[in-house]
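Enquirer: Fold the following for me, if possible:
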Amino acid sequence: MPRTRTRARRSSRTGAIELFVHPEQSAPIRLAGWCWRTRYELALIAGYLGAYRYLDTLMPTWGVLFTLASILLAILVIGPVRRFTHARVMCVVTRHRMRSCLRQVRAMNHDGHLPWFLWTRPTGVGERVRLWMRPGLAGRDIENVADHIAAACFAREARVTVSRRRAALVTVDVIRRDPLVTGSAFNSPLVGMPVPDGEPAAPIEHHRPAAGPVLPTPRPPLQVVPEPAPTTAKRTPKNITTHPAPAPSGSSVLVGGEDVTDYV
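Expert: Residues are numbered from 1 along each chain as shown. Reported below is the predicted structural model:
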C-alpha cells in the first residue's frame with residue numbers, strides 16, 4: 001500500500017480544517033516528473049551552454065558574447081521569428097500556470113493526482129491545451145474551474161471542450177484576444193471592388209458604439225390591403241352531369257370548306 005503524506009490548513013473563511021492528501025513518491029520519480037515539466041527550460045539552458053562552449057574554442061570571449069547577443073537581438077527584431085518565439089514561450093507559461101491553478105483549486109482526484117498534460121499548441125487567439133483525465137476526474141471538474149484557469153493564465157476566458165469519443169480527453173482553449181473587438185477595419189476581398197455607381201467600396205470600419213441615449217427605431221407605417229370582393233360563381237353539384245348544348249338547326253358546320261352538317 002503506497003504511503004501518503006497529509007497536510008492540514010485552516011480555512012480563513014469558514015474556520016474549518018482542510019486536509020490535503022499527497023501521494024508519497026520516491027525521489028527518482030519526483031525528479032523525473034520535474035525534468036519532464038521543465039524540459040523546455042532545461043533544453044534552452046543546455047543549448048546556450050553548448051553553444052558558448054563550442055564558440056569559445058573558435059573565438060575570444062568578447063566574440064562569443066557578441067555572437068550570442070546578435071542571435072538574441074535577431075530573435076527580438078525579425079517579425080516572424082519573434083512571433084514564433086513568443087507563441088512558444090506563452091505555451092510554456094500557460095502550461096505551468098494551468099498546472100499550478102489546478103493544484104490550488106484542488107481539481108485532482110482523492111490521491112492528489114492532476115490530469116495528464118498531453119500537449120500545448122498556439123492558436124490564432126491564444127493557446128490550446130489537451131488534458132487526459134485520470135481515474136476520479138471528469139471533464140465537469142475542469143469546466144467548473146474555467147474562470148480560475150483564465151485568471152491564472154492572464155487571459156480573457158477559458159473554454160473547455162470534452163471529446164465526444166473519449167470522455168477522458170479534454171481540450172482547454174485559452175482565449176487571450178478577440179479579433180472581432182480590435183476596432184480595426186475588416187480585411188475582406190470585397191473591399192476595393194467596383195459598385196454599380198462606378199466607385200470602389202470603402203472598407204467597413206468596426207467601431208465600438210459611442211455612449212449616449214438610445215433612441216427608439218421608427219417603425220414603418222402600416223399598409224392597409226383591401227380584401228378581395230366575394231365571388232358569386234355558382235358551383236355545379238357533383239351528381240349532375242352536364243352535356244354540351246346542341247347546335248342550332250339553322251347553323252352549318254364547315255370542315256375544310258365543306259358543309260358536313262348532315263354527317264354530324
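
Enquirer: I'd like to know which elements the longest helix along the chain is packed against.
Expert: Looking across the chain with DSSP state H, the single longest helix is helix 79-104. Helix 79-104 makes packing contacts with helix 27-37, helix 39-56, helix 61-77, strand 116-122, strand 126-132, helix 146-152, strand 169-175 when contacts are defined by 3 or more CB pairs under 8 Å, 6 or more residues apart in numbering; DSSP states H and E. For the C-beta atoms, the positions are set from N, CA and C on the backbone; glycine is no exception.

Enquirer: Which of these has the lowest mean pLDDT?
Expert: With a mean of 85, helix 27-37 has the lowest mean pLDDT of the helices and strands packed on helix 79-104.

Enquirer: Specify the angle between it and strand 116-122 in degrees.
Expert: Orientation check (axes from the mean of the first three to the mean of the last three CA atoms, to 10 degrees): helix 27-37 against strand 116-122 gives 20 degrees.

Enquirer: For helix 27-37, list the C-alpha coordinates in PDB.
Expert: What follows is helix 27-37 as a C-alpha-only set of coordinates in PDB (Å, rounded to 0.1, in the frame of the first residue of the first chain):
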ATOM      1  CA  ALA A  27      12.900  10.800  -5.200                       C
ATOM      2  CA  PRO A  28      13.800   9.500  -8.700                       C
ATOM      3  CA  ILE A  29      10.100   9.600  -9.700                       C
ATOM      4  CA  ARG A  30       9.700  13.200  -8.500                       C
ATOM      5  CA  LEU A  31      12.900  14.200 -10.200                       C
ATOM      6  CA  ALA A  32      11.800  12.600 -13.500                       C
ATOM      7  CA  GLY A  33       8.500  14.500 -13.200                       C
ATOM      8  CA  TRP A  34      10.200  17.800 -12.600                       C
ATOM      9  CA  CYS A  35      12.600  17.200 -15.500                       C
ATOM     10  CA  TRP A  36       9.600  16.400 -17.800                       C
ATOM     11  CA  ARG A  37       7.700  19.600 -16.800                       C
END
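
Enquirer: I'd like a version of the helices and strands packed on helix 79-104 in a markdown table, one that adds distance to Gly139 and mean neighbour count as further columns.
Expert: Below are these laid out as a markdown table (distance: least, CB to CB, whole Å; neighbours: other CB atoms under 10 Å):
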| stretch | distance to Gly139 | mean neighbour count |
| --- | --- | --- |
| helix 27-37 | 23 | 11 |
| helix 39-56 | 27 | 12 |
| helix 61-77 | 38 | 12 |
| strand 116-122 | 14 | 14 |
| strand 126-132 | 9 | 20 |
| helix 146-152 | 11 | 18 |
| strand 169-175 | 5 | 20 |
